[in-house]
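Visitor: what's the 3D shape of this:
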Amino acid sequence: MNILYICEEYPPGKIGGIGTMVNVLGRELVKQGHNVFTVGLYPHGYAQADYEEDHGVKVWRLRYRSDMGLIKNNYSIADLFFWRCLKYSSLLHWDTISSSKRLFGFIKKIVEQYHIDVIEIPDWNTFLHNSLTTIHIPEFEVPLIVKLNGTHSYFRKEMNMPLYKRIFRAENALLRRADAISSVSGYTARETKKLFGLTEDFSILYNSINAQRDTETVKIADKVIFTGTLIQKKGIYSLLEAWNLVKRQNPSVTLHVFGKGPVNELKKILGKEASASVSFYGHVSREKLLDELATAAVAVFPSYSECFSLAPLEAMAAGCAVIYTVNSSGPELIADGENGLLVNPDDVNAIAKAISRLVENSEFRESIANAGKRTVSERFDITSSAIQHIIFYNEIIERFKRKNDRVL
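Guide: You can find the predicted model right below:
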């Protein structure tokens, strides 16, 4: 099968879960004998090659015309200044209109040249956010699948924040344009259906990882790790407040924070005693991150909202005892007290108690970690997930053909 993924964050680079999942799934599909292509309109400052082949995956990175190197994508004051200049001058809007048309034209050429069978696009696309008017995805000669990873509007609603009407309209247009929709979790499917007034049922294709990675390394009992973008939605503010309490009870513990975000602002949350025990590393490569997880005893992700995050999966596969959110799709991965612990991100005391419990009780911690590792191996391994994706794609391709035959 020839599969095209529309993706604007294929690694390496300062990427999110969507890019990582396309990377992991794409490589596995190639191993299983399929041809995989990805193309996207990349954010300003994403500095990787315009074209490359990654373990057989063909990757094209298209750029905005206004991406001239002024924005570095590193949360700096300069980035914020130049971004606001683009946005409020309307230059970003007109550039997005032009660049998205170029993207769709390029996709049509790839579909024809490489005999693409199916296209998949996530529901989160920054080109939908950057335009002041709705970007409409054109018709292609093959089915377009939208995979729910959480729209901008979805996360705004999850965080009890007002929606941006123009972005909602653009996301709604994409979902109604889709020939089929899948979701990375049951929770995301249900909430997206309610938010956008959709009626059909969606196939659930959970995010998965390579669960066979060798993690035979020595665990550091008092090493706690957090990975993810350093924003409120990920619960990092709650975690740092809780860390002040953890440090008082367990003087030897250390917290290692990986991800891009406003580090100086976050450091202000920590008391003097706790501050010395927390290290911020910024964005690192996925390999470096997996190496760090292999030596950590506990990983904590007190998110306010997730669709189906890769971070706890990777931590569980690496043998960490995981603390995850009781919100959203958390219970679809973790059975509280069995293969992990679930916490309310608003309950700072509960987060602190969960961390201390795992740090202090080695027998319980190892039991949780072993159960978590089995969960990922049995339910979320990429080899099985790739097969499930192909079955789903074949179903959609056949349905698309039948629909077109009726039209003819």
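Visitor: CA atoms for contacts and neighbours, from now on please.
Guide: OK.
Visitor: find the nearest non-adjacent residue to Gln388, please.
Guide: Leu205 (7.5 Å; C-alpha to C-alpha, 6 or more residues apart in numbering).
Visitor: how far away is that neighbour from Val246?
Guide: According to C-alpha to C-alpha, to the nearest Å, Leu205 stands 37 Å off from Val246.
Visitor: which of those two has more neighbours?
Guide: Between Leu205 and Val246, Val246 has the larger neighbour count (other C-alpha atoms under 10 Å), namely 24 against 19.
Visitor: can you tell me the element the more buried one falls in?
Guide: helix 236-249 (DSSP states H and E).
Visitor: partner strands of the next helix or strand after that helix, with direction?
Guide: Going down the chain from helix 236-249, the next helix or strand is strand 254-258, by DSSP H and E. Here strand 254-258 is paired, per DSSP bridges, with strand 220-227 (parallel), strand 278-280 (parallel).
Visitor: rewinding a little: can you list contacts of the helix holding Val246?
Guide: Here helix 236-249 makes contact (C-alpha atoms under 8 Å, 6 or more residues apart in numbering) with 230-231, 253, 266, 269-271, 273-274, 301-303, 345-349, 351-353, 355-356.
Visitor: how does it look with 7 Å?
Guide: The contact list for helix 236-249 (C-alpha atoms under 7 Å, 6 or more residues apart in numbering) reads 230, 253, 269-271, 274, 302, 345-346, 348-349, 351-352, 356.
Visitor: of those residues, which belong to helices?
Guide: 274, 348-349, 351-352, 356 (DSSP state H).
Visitor: out of these, which are buried?
Guide: Among the ones in helices among the contacts of helix 236-249, those classed as buried by 16 or more other C-alpha atoms under 10 Å are 274, 348-349, 351-352, 356.
Visitor: same for the helix or strand in which Phe392 is found, what does it pack against?
Guide: For Phe392, the host element (DSSP H and E) is helix 382-407. Secondary-structure packing of helix 382-407 (3 or more C-alpha pairs under 7 Å, 6 or more residues apart in numbering; DSSP states H and E): helix 17-31.
Visitor: would you turn the buried ones among the ones in helices among the contacts of helix 236-249 into TSV with pLDDT and distance to His55?
Guide: Converted to TSV, those look like this (pLDDT from 0 to 100; distance: C-alpha to C-alpha, whole Å):
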residue	pLDDT	distance to His55
Ala274	92	43
Val348	97	43
Asn349	97	45
Ile351	98	40
Ala352	97	42
Ser356	96	42
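Visitor: between those residues, which is nearest Thr325?
Guide: The closest of these to Thr325 turns out to be Ile351 (C-alpha to C-alpha; 9.7 Å).
Visitor: once you drop chain neighbours, what's closest to Ala170?
Guide: In space, Ala170 is closest to Thr134, 4.7 Å off (C-alpha to C-alpha, 6+ apart).
Visitor: any idea how far stretch 360-372 is from the middle of the chain?
Guide: 27 Å (C-alpha atoms, centre = their mean, to the nearest Å).
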